[in-house]
Structures are given as C-alpha cells and as structure tokens.
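J.: I would like the atomic coordinates for the input below:
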Amino acid sequence: MDSSDAWRRGLAAEMDRRGDWPVRSPWVRRAADAVPRHLFAPDRLWYWDGRAYVPVDRDGDPDGWSAQVYGDPDSAAVTQVTDGLPSSSLSCEAVVADMLDSLLLEPGHRVLELGTGTGRNAALLAWRAGAELVTTVEVDPGLAVRARERLGEAGDRVRVVVGDGGTGWPAGAPYDRVMATYAVDRIPWAWVAQTRPGGRIVTPWGRLGHVALTVAEDGASATGWVQGLAQFMSARGTTGPGRTFSQVRGTAPAEAERPMTRNLGPLRNDVHLRFALRVALPDVRITTAEDEDGLNAWLHDEGGCSPGSWATSWATLSAVGGGGDGCGGGGGTVVHQGGPRRLADELEEAWDAWVGMGSPSLYDYGMTVEPDGQYVWCGDAATGPRWPSVQTEG
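T.: Residues are numbered from 1 along each chain as shown. This next block holds a predicted model:
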C-alpha cells in the first residue's frame with residue numbers, strides 16, 4: 001500500500017467532516033477519489049519554514065512529503081519555487097472542489113483550462129467531461145511537458161499546449177466551459193469571445209474570491225456572482241511580492257500623522273470586509289501583523305511595485321503602548337502616511353461605505369465583463385453600486 005493512502009483518506013474524511021464536498025456536484029468527490037493528488041505531485045515539494053521555502057523530498061521524508069500533498073483542505077502543495085517564491089502548486093482541495101462545483105460541468109462539454117500546472121485539475125475536468133474534450137494551456141514549457149507526462153500515465157488524452165492563458169486557445173473554440181487556475185485582476189475578453197453563448201467561465205479574481213460568469217446569448221457580455229474564496233497565484237508577471245513594513249515605511253519622515261480609534265481586528269479577520277476593500281481600492285495592498293503592542297497594518301499602492309522600487313503612496317497603522325485591539329485603549333493606533341495619496345483615509349472611507357451598505361458579504365458581489373470594460377457590482381447587476389475593475393501593475 002502506498003504510504004500516501006492514510007494521508008489521502010484523512011484529507012477526504014476532513015472534507016466530509018467540514019461539508020466541503022459539493023452536494024450539487026457529487027461527481028467532484030468521485031473524481032477526486034479517481035484522480036488522487038499524489039499522482040500529480042513531483043518528488044520534491046516545498047514548504048514555508050517561517051523564513052524561506054525549503055524542500056521536502058518524497059524519498060528522504062515520505063511522511064513529510066505526503067503531509068504537504070494531503071495536509072488539510074485549505075493547504076496548497078507548493079510544487080515549484082522561482083526566485084524564492086511559489087510559481088506552481090497543487091491547489092488546496094477545498095477550493096478545487098468549490099470551483100469545480102461552480103463550473104456546472106456536464107459530460108460532453110468542451111472545456112478550456114488556463115494554467116495547467118501539475119495537470120491534476122485537467123484530469124478532474126477530463127474525468128467529468130471526457131478527456132478528448134479538454135484543452136489546457138500552460139505558459140511554462142517545462143510544467144507543460146511534465147503535466148503531459150502525468151496525464152498520459154493516468155490514461156488521459158487531454159490536449160496540453162504551451163501558450164499565454166490570457167489569449168485563451170482560439171483553435172479549439174467555442175468552448176462550453178472555461179476555467180482558470182490562476183488569479184486575474186481583469187477577465188481577458190478572449191475568454192468570453194471563445195465561450196459559446198450560455199457558456200460558463202470560472203476564475204479566481206482579485207486575490208480573494210472566484211467568480212462564475214455566464215456569457216450572454218448575444219455573446220456581447222458575461223456576468224455572474226462571486227462564488228467563494230480562492231487565493232490562487234496570480235498570472236505570471238502581473239503581481240510583484242508584497243512589501244515588508246520597513247520597505248513600505250522607508251526612512252523618510254511621514255507627511256501626515258493622526259490617531260485612529262477604529263478596531264483593526266476586522267481588517268485581519270473579516271474576509272467580507274477584505275473583499276469589499278479589494279473591490280473599492282483595487283490597487284492598494286493591505287498587510288496586517290501583530291507585535292507586542294498589538295495589531296498593525298501597512299498599506300501601499302501598486303504604483304511602485306517594480307523590483308527595487310518603493311510604493312508611490314503608503315500608510316502605516318501602528319499600535320502603540322498597549323493598544324492591542326486597535327480600539328484606542330492603552331496607547332491606541334497611530335496613522336502615518338506619505339506619497340500623493342492618503343491611503344489610510346481612503347481605507348476608512350471605503351470601510352465606512354461598506355458598513356453604510358449593510359456590510360454585504362462577498363457573495364453579494366458580482367461582475368460584468370464587456371468588450372470595452374468590466375466592473376464589479378453589489379446586489380444587482382443593473383441597479384446596484386458598481387466599481388470599475390482596475391488592472392493593477394506588478
């Protein structure tokens with residue numbers, strides 16, 4: 001018996017316990033059993049040890065390797081590290097199941113997948129639709145070769161092609177379903193154009209959620225709701241790494257300083273608030289961390305995210321002298337800001353606007369994509385408030 005079997009059964013049982021297997025799409029559980037994760041994992045995986053990503057090898061540490069593959073429903077297994085950062089992974093099982101459920105995939109559907117990675121998601125799509133109907137696009141030639149080999153070993157005749165996922169794969173269009181396995185800030189119009197009217201597109205969006213869009217009968221737009229959380233890697237070359245506190249703060253004196261009485265806890269713990277802020281401030285990165293004084297946050301815009309550069313505008317929200325809850329008790333929180341924008345002020349304005357709307361959940365948001373633009377809306381696509389979907393720079 002393979003040493004991964006016990007870990008595999010443990011992950012499936014935990015998915016059962018949490019209710020992560022979709023009731024609407026029972027085929028997902030059967031496909032996951034038929035297409036186990038470890039068959040698509042390389043012999044070397046990577047994990048974060050608190051300072052850097054370090055390798056764990058199947059031969060040298062089979063239990064440690066299996067723990068990375070089957071650790072828990074919310075953990076991805078990092079399969080490739082480039083320049084010290086993850087560049088490919090086996091996505092966490094809970095999100096894979098949720099996104100496949102959102103796709104509403106049926107046998108006989110023609111499917112385009114963007115971002116082959118290890119090939120495992122393509123194998124799940126093939127199990128349901130039929131392998132000969134699945135085309136998957138991978139920008140990394142090395143990953144594409146290895147995925148093609150693994151899919152072949154599993155007996156799948158999925159078409160694996162090397163290309164830019166942002167342009168889709170027009171040679172196989174029109175598709176009934178399109179699915180991306182990497183996050184985008186803007187939905188490429190090529191994905192809509194290559195999907196038949198009534199077809200469905202599922203993709204991670206904006207580093208926090210995934211959306212399911214249905215193409216209009218006239219093919220002139222696609223619209224749909226946010227479906228759930230999905231923290232996938234971004235398209236290569238589109239997003240630089242986040243900045244550390246010292247990089248954001250720098251050494252120059254702040255241009256503005258003021259106290260803050262707001263509780264910062266939701267900024268770290270409330271995914272619905274974080275999603276709303278992502279919608280309202282699409283080019284602002286928000287990072288939280290805790291020290292002996294309490295919860296801190298730092299913000300920067302994407303204007304200075306090229307390697308070696310600083311943020312154009314920045315803000316720090318620093319707990320001081322026992323203001324650990326960010327409520328103003330003890331030393332409270334102090335805001336410092338610099339650059340042409342006052343990001344902490346923008347943050348509070350967007351936060352207040354969200355509360356004024358009744359604190360909607362991320363499931364109350366949706367997106368509409370048209371040839372000349374796209375926007376996120378809340379409550380109703382036609383009458384609800386809307387925000388342009390801005391392409392961030394990396």
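J.: so where's the stretch 251-394 of the chain shaky on pLDDT?
T.: Low-confidence segments of the stretch 251-394 of the chain (pLDDT under 70): 251, 303-311, 321-331, 390-394.
J.: what about the strands in it?
T.: 256-260, 284-291, 294-301, 314-319, 333-338, 365-370, 373-378, 386-388 (DSSP state E, counting those that start in this stretch).
J.: Can I get the second one in CSV, CA atoms only?
T.: It refers to strand 284-291. Coordinates of each C-alpha in strand 284-291 appear next as CSV, following Å, rounded to 0.1, in the frame of the first residue of the first chain:
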residue,chain,number,x,y,z
VAL,A,284,-3.9,49.0,-2.7
ARG,A,285,-2.2,46.2,-0.9
ILE,A,286,-3.1,45.8,2.8
THR,A,287,-0.9,43.7,5.2
THR,A,288,-1.5,43.0,8.9
ALA,A,289,0.8,41.7,11.6
GLU,A,290,0.9,41.6,15.3
ASP,A,291,3.6,42.6,17.7
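J.: So in that sheet, which strands flank that strand, and in what orientation?
T.: strand 294-301 (antiparallel) (DSSP bridges).
J.: Can I get the strand it pairs with in PDB, CA atoms only?
T.: Extracted C-alpha coordinates of strand 294-301, given in PDB (Å, rounded to 0.1, in the frame of the first residue of the first chain):
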ATOM      1  CA  GLY A 294      -0.900  44.900  19.200                       C
ATOM      2  CA  LEU A 295      -2.300  44.700  15.700                       C
ATOM      3  CA  ASN A 296      -0.600  46.700  13.000                       C
ATOM      4  CA  ALA A 297      -1.300  47.300   9.300                       C
ATOM      5  CA  TRP A 298       0.600  48.800   6.400                       C
ATOM      6  CA  LEU A 299      -0.700  49.800   3.000                       C
ATOM      7  CA  HIS A 300       0.900  50.700  -0.300                       C
ATOM      8  CA  ASP A 301      -0.400  51.300  -3.800                       C
END
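J.: ok, Gly224 to Leu104 distance?
T.: Gly224 sits 11 Å away from Leu104, taking Cβ to Cβ, to the nearest Å as the criterion. For every residue, glycine as well, the C-beta is placed using N, CA and C.
J.: Please produce JSON lines containing the strands of the stretch 251-394 of the chain, extended by mean neighbour count and distance to Gly84.
T.: Converted to JSON lines, the strands of the stretch 251-394 of the chain look like this (neighbours: other Cβ atoms under 10 Å; distance: least, Cβ to Cβ, whole Å):
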{"stretch": "strand 256-260", "mean neighbour count": "14", "distance to Gly84": "34"}
{"stretch": "strand 284-291", "mean neighbour count": "16", "distance to Gly84": "18"}
{"stretch": "strand 294-301", "mean neighbour count": "24", "distance to Gly84": "20"}
{"stretch": "strand 314-319", "mean neighbour count": "25", "distance to Gly84": "23"}
{"stretch": "strand 333-338", "mean neighbour count": "22", "distance to Gly84": "28"}
{"stretch": "strand 365-370", "mean neighbour count": "22", "distance to Gly84": "33"}
{"stretch": "strand 373-378", "mean neighbour count": "20", "distance to Gly84": "32"}
{"stretch": "strand 386-388", "mean neighbour count": "16", "distance to Gly84": "33"}
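J.: Ok, which of the ones you listed comes nearest Gly60?
T.: strand 284-291 (33.2 Å; Cβ to Cβ).
J.: Tell me what angle the closest one forms with strand 314-319.
T.: Here the directions of strand 284-291 and strand 314-319 differ by 30 degrees (axes from the mean of the first three to the mean of the last three Cα atoms, to 10 degrees).
J.: was I right about Glu302 contacting Leu281?
T.: No. Contact status for Glu302 versus Leu281: not in contact, 10.4 Å apart, counting by Cβ atoms under 8 Å.
J.: Give me the mean pLDDT for the biggest strand by length in the chain.
T.: Determined from DSSP state E, the single longest strand within the chain is strand 195-205. Taken as a whole, strand 195-205 carries a mean pLDDT of 97.
J.: List the buried residues in that strand.
T.: Residues 195, 199-205 are the ones in strand 195-205 that count as buried (16 or more other Cβ atoms under 10 Å).
J.: With stretch 35-53 instead?
T.: Buried-residue list, stretch 35-53, by 16+ other Cβ under 10 Å: 35-42, 45-47.
J.: Equivalent analysis for stretch 93-109, please.
T.: Across stretch 93-109, burial judged by 16+ other Cβ under 10 Å covers 93-103, 105, 109.
J.: for stretch 153-162, same thing?
T.: Across stretch 153-162, burial judged by 16+ other Cβ under 10 Å covers 154, 156, 158-160.
J.: try stretch 223-232
T.: 223-230, 232.
J.: What backbone torsions are found at Gly339?
T.: Taking degrees, to the nearest 10, you get phi 100, psi 180 for the backbone angles of Gly339.
J.: Ends of stretch 136-144, what's the gap?
T.: One end of stretch 136-144 to the other measures 9 Å (Cα to Cα, to the nearest Å).
J.: now what about that stretch, what contacts it?
T.: With contact meaning Cβ atoms under 8 Å, 6 or more residues apart in numbering, stretch 136-144 is reached by 80, 87-88, 112-119, 122, 125, 147, 158-165, 168-169, 236.
J.: before we move on, what about stretch 71-84?
T.: The contact list for stretch 71-84 (Cβ under 8 Å, 6+ apart) reads 7, 11, 14-15, 18, 20, 37, 41-42, 45-47, 52-53, 68-69, 86-95, 117-118, 143.
J.: likewise stretch 367-382?
T.: With Cβ under 8 Å, 6+ apart as the test, stretch 367-382 has contacts from 186-187, 189, 192, 205, 211, 213, 220-224, 226, 279, 357, 360, 364-366, 384-389.
J.: Please put the alpha-carbon coordinates of that stretch into CSV.
T.: Output of stretch 367-382 as CSV, limited to C-alpha atoms (Å, rounded to 0.1, in the frame of the first residue of the first chain):
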residue,chain,number,x,y,z
MET,A,367,-19.1,41.1,-12.1
THR,A,368,-20.0,42.1,-15.6
VAL,A,369,-17.4,41.9,-18.4
GLU,A,370,-17.9,43.7,-21.7
PRO,A,371,-15.5,44.2,-24.7
ASP,A,372,-14.5,47.7,-23.6
GLY,A,373,-14.5,47.3,-19.9
GLN,A,374,-15.7,45.5,-16.8
TYR,A,375,-17.0,46.3,-13.4
VAL,A,376,-17.9,44.7,-10.1
TRP,A,377,-21.3,45.4,-8.7
CYS,A,378,-23.2,44.7,-5.4
GLY,A,379,-26.7,43.4,-5.0
ASP,A,380,-28.0,43.8,-8.5
ALA,A,381,-26.1,44.0,-11.8
ALA,A,382,-28.3,46.7,-13.3
